[in-house]
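A.B. asks: quick one, fold the following:
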Amino acid sequence: MHRVVILFQKIKLGFQPRCFSTAETPSNSWAFHRFAKSWKHLEKEKRNLCQTLNNQELVQAELRYYKSKWSKYCKLEGWFKKRLETICGRYASSNNSFGMAVNGIEYFEDDGCIYRKLQKGSPELMLCLDQLQFLQSNDAQFQRIRVSPDQKYLASSVRTPSDESTCVVVKLDPKPLVVHVLPRAFSFEWATDNSLFYTILEKLQSHEVYRLLLGDPRTASEMVYKENDTRFFVELTCTKDGKFITINSNSKTCSEVWLIDRMHPLEPPKVVQERLPELIYHVEHWKNQLYILTNFAATKDYELMKTHISSSGMQNWKTVYAVKEKHKLIDMELVNDNCIMILKCYGRLCLHVFSLKELEPVKSIQLPSWACAIECEAYLRHKANEFCFQLSSPVQPSVSFLYSMDVDELYMKDDETCLSINKDYKVTRLKAPGMDDTLVPITVFHKTSLNEMNDKPLLVHVYGAYGMDLNFDFKPEQMLLLKDGWILAYCHVRGGGELGLSWHRAGRLDKKHIGIDDLQVCLCHLHTMGYSNPRRTALKAGSAGGVLVGGLCNASPELIRAVVLRAPFLDVLDTMLDPLLPLTQEEQEEWGNPLNDQRLFKYIQAYCPYQNIKPQNYPSILITAYRDDQRVLLSGLLKYTTKLRNAVATNYITMGEPQSIILDIQHGDDHYGPTNWEQSLQEIARHYAFLYKELELDLGGTRP
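C.D. replies: Model (predicted):
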């Protein structure tokens, strides 16, 4: 029997430690302290075991409850699964394959395999997931490809549903052969053909950089950098000119970059600028100059600055370009002697182009109004003075574009892979006056032909944390909703990054409630403008977006009818009070530290979704949780669901029929959900079945 179980049973039976006399010798005193320490550890083991047993009982009870309640949605779920297979199948060519090019030779991933393709040749198979015997899961995925400078080796990461990452190193010629497997390797870059640098990911944290020298099988990896501050996360990238590997150590509000010269991999890394509180910076290299994106300026929004490689400290930084107020910097590209800034302002994408060699006016190129997301075709080397990229939106698959700096013209690529612009759907950009009169952007999508929208179903998306934008990529499953007459709205509330760094600062720490207020005014504005009504409105969010949605459900439940949450963060206070959880210390710069600040404790307590559940008329809520999620633990969602369901039941005694509060527990998936195509469609089908049923939508002649 396991030692902890035996001890636990003794405790239940009333086992007591023997007492110690106060007249003990020093040696006995030491023994007492050792016993006290052991007893404290035993108490912790007992509590953990009790919690584990309690959680197991709650999980089983929740699974039984789900089975009893889901029967009314089952038929719709199967019907939506078939519809989703048909609709998503039409966009199968719009896949998420990725790759890179080296000297005109392409390396790319497709359907679980990595291929090499010469300019005029057929693809050659380099590596397949089926060849990797160490994999314990059928749902593993390749996630990154890096090829050594002379194409002697290929390295690729393999991610499993349990959120684990492994780097596989393959010797390419004369026949592909796996020569190294690096467990827990997360990010990696080649210096020379025989030297690979990589980071280790353990318990969601990355703090160490290692160097592997290939050629000698006896050579062990050597650590070259270690981060000692648990708030920081370390990742490797390569400068766009290929001269340096950058070690990027970032917290939520601070960064520090070290450089590794790729031609001299045995030399120690050199710091660009030592970290300072609230100083964020990112580094590129071009012709012996460091180009640094930083919030160093007085505005605290991004500026591009430069300095010579030999004098990298911030006292030498000089401004090259400043991002305008309310503009979000998405990315920066260096093409020959030109810099391209990719920006967004109130949802509209644009390019700012200027010379790095001469003082010339900045050229502004407005991108098509329908475009919401941009992705640089970085793995394909840009031709001289040409910048290639793809534009998309939630209702438009990726379309390839090219900007020519020579003639200052934007072209849509015309080839066999190019998709036409979908004109059946309309995008509208609104601005909702916030409670402090700040304008909050909203992006709305619907069928162009849609009329009388005040009674149409509305699905609202929100996130509002970490300075991150809402995901605006094309999602084929949403075409089903639009075809059925839904309106899709994206609320870009404060705490996100849609209007730059200041937009994030305006909704973090002791301003978190502003994101909830912004969501409320966005919903009211949508209804006032004639987009649906509360009876036909649903909210969708995941992860940290759950804080805003959960907060709104407590404060203004009358604005919405149904909610779908995916791995939501709902108990901010208890999470931030537990420093032993993997991400608590790292997250303190976003949410605050209630352990050390009584004012923040009370502030978090006042908006935390779990802490403010009360007997009232809540919307119907479906929460999808994943058993292997290390970021949002299942135990917290069990606790939240139980408390919410009890509050609804209390209200039901006096207010009529209770709302549906359902926790859907999925086995084996991590925070990001299923990687398997069939399981992904099944999950979406469950969400749609729930929404249609709870909003009481008429399916007309298409009823299953």
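
A.B. asks: quick one: the strands in the stretch 101-250 of the chain, in order.
C.D. replies: Ranges of strands within the stretch 101-250 of the chain are 105-110, 113-117, 124-128, 141-147, 153-159, 165-171, 177-183, 185-190, 195-202, 205-213, 222-226, 233-238, 244-250, based on DSSP state E, counting those that start in this stretch.

A.B. asks: need the winner for burial among the ones you listed.
C.D. replies: Neighbour counts (mean count of other Cβ atoms under 10 Å) averaged over each of the strands of the stretch 101-250 of the chain peak at strand 185-190, with a mean of 24. Quick note: C-beta positions are derived from backbone N, CA and C, even for glycine.

A.B. asks: let's test this: mean pLDDT of it, rounded?
C.D. replies: In this model, strand 185-190 has a mean pLDDT of 95.

A.B. asks: now do stretch 679-686
C.D. replies: Mean per-residue pLDDT for stretch 679-686: 93.

A.B. asks: I'd say residue 336 and residue 385 touch.
C.D. replies: Yes. When contacts are counted by Cβ atoms under 8 Å, residue 336 is listed as touching residue 385 (5.9 Å).

A.B. asks: with distance to residue 286 added, can I get the strands of the stretch 101-250 of the chain in TSV?
C.D. replies: Shown next, in TSV, are the strands of the stretch 101-250 of the chain (distance: least, Cβ to Cβ, whole Å):
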stretch	distance to residue 286
strand 105-110	24
strand 113-117	29
strand 124-128	31
strand 141-147	21
strand 153-159	26
strand 165-171	29
strand 177-183	31
strand 185-190	18
strand 195-202	21
strand 205-213	24
strand 222-226	24
strand 233-238	13
strand 244-250	11
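
A.B. asks: low-confidence ranges, the stretch 401-550 of the chain, go.
C.D. replies: For the stretch 401-550 of the chain, the stretches with pLDDT under 70 are 415-419.

A.B. asks: and if we set it to 90?
C.D. replies: 405-406, 408, 413-424, 448-452 (pLDDT under 90).

A.B. asks: also the stretch 201-350 of the chain?
C.D. replies: 203-204, 214-220, 240, 296-301, 325-326, 334-337.

A.B. asks: one more time with 70, if that's ok
C.D. replies: For the stretch 201-350 of the chain, the ranges with pLDDT under 70 are 217-218.

A.B. asks: which residues of it fall in helices?
C.D. replies: Applying DSSP state H, counting those that start in this stretch to the stretch 201-350 of the chain gives no helices.

A.B. asks: likewise for the chain?
C.D. replies: With DSSP state H, the ranges of helices along the chain come out as 3-12, 26-69, 71-89, 478-483, 501-505, 513-528, 545-555, 572-576, 584-591, 598-607, 634-655, 677-694.

A.B. asks: can you put those in CSV and add distance to residue 461?
C.D. replies: Shown next, in CSV, are the helices of the chain (distance: least, Cβ to Cβ, whole Å):
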stretch, distance to residue 461
helix 3-12, 44
helix 26-69, 25
helix 71-89, 18
helix 478-483, 10
helix 501-505, 17
helix 513-528, 10
helix 545-555, 8
helix 572-576, 21
helix 584-591, 20
helix 598-607, 20
helix 634-655, 20
helix 677-694, 13
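
A.B. asks: mind listing what the closest residue to residue 192 other than its chain neighbours touches?
C.D. replies: Excluding the flanking residues, the one nearest residue 192 by Cβ to Cβ, 6 or more residues apart in numbering is residue 265, at 5.8 Å. Shown in contact with residue 265 (Cβ atoms under 8 Å, 6 or more residues apart in numbering): 191-192, 195, 197, 211.

A.B. asks: quick one, phi/psi of residue 265?
C.D. replies: Taking degrees, to the nearest 10, you get phi -70, psi -20 for the backbone angles of residue 265.

A.B. asks: isn't residue 196 up against residue 219?
C.D. replies: No. With contacts counted by Cβ under 8 Å, residue 196 stays clear of residue 219, the gap being 11.1 Å.

A.B. asks: shared neighbours, the two?
C.D. replies: In contact with both residue 196 and residue 219: residue 212, using Cβ under 8 Å, 6+ apart.

A.B. asks: OK, contacts around residue 173?
C.D. replies: With contacts taken as Cβ under 8 Å, 6+ apart, residue 173 has the following neighbours: residue 152.

A.B. asks: same question for residue 680.
C.D. replies: Listed by Cβ under 8 Å, 6+ apart, the contact partners of residue 680 are 673-674.

A.B. asks: for residue 83, same thing?
C.D. replies: Residue 83 neighbours (Cβ under 8 Å, 6+ apart): residue 480.

A.B. asks: pLDDT score for it?
C.D. replies: 93.

A.B. asks: what's the answer for the one 10 residues further on, then?
C.D. replies: pLDDT, the model's per-residue confidence, is 55 for residue 93.

A.B. asks: now do the one 5 residues further on
C.D. replies: pLDDT for residue 98: 71.

A.B. asks: my read: residue 593 touches residue 577, true?
C.D. replies: No. Using Cβ under 8 Å as the test, residue 593 is too far from residue 577 to be in contact (9.3 Å).

A.B. asks: who's more crowded, these two?
C.D. replies: In this view residue 593 and residue 577 are compared by other Cβ atoms under 10 Å, and residue 593 has more residues nearby, 18 against 15.

A.B. asks: dihedrals phi and psi, the more buried one?
C.D. replies: The phi/psi pair for residue 593 (degrees, to the nearest 10) reads phi -120, psi 90.

A.B. asks: of the strands of the stretch 101-250 of the chain, which is nearest residue 78?
C.D. replies: strand 141-147 (27.0 Å; Cβ to Cβ).

A.B. asks: contacts for that closest one, please.
C.D. replies: Applying Cβ under 8 Å, 6+ apart, the external contacts of strand 141-147 come out as 98-100, 102, 107-109, 112, 114, 129, 153-159, 165, 187-190, 675.

A.B. asks: same deal with stretch 347-361?
C.D. replies: Residues contacting stretch 347-361 (Cβ under 8 Å, 6+ apart): 286, 289, 291, 320-321, 330, 334, 337-344, 362-367, 369, 371-372, 374, 387, 391, 403, 405, 429, 441, 443, 492, 498.
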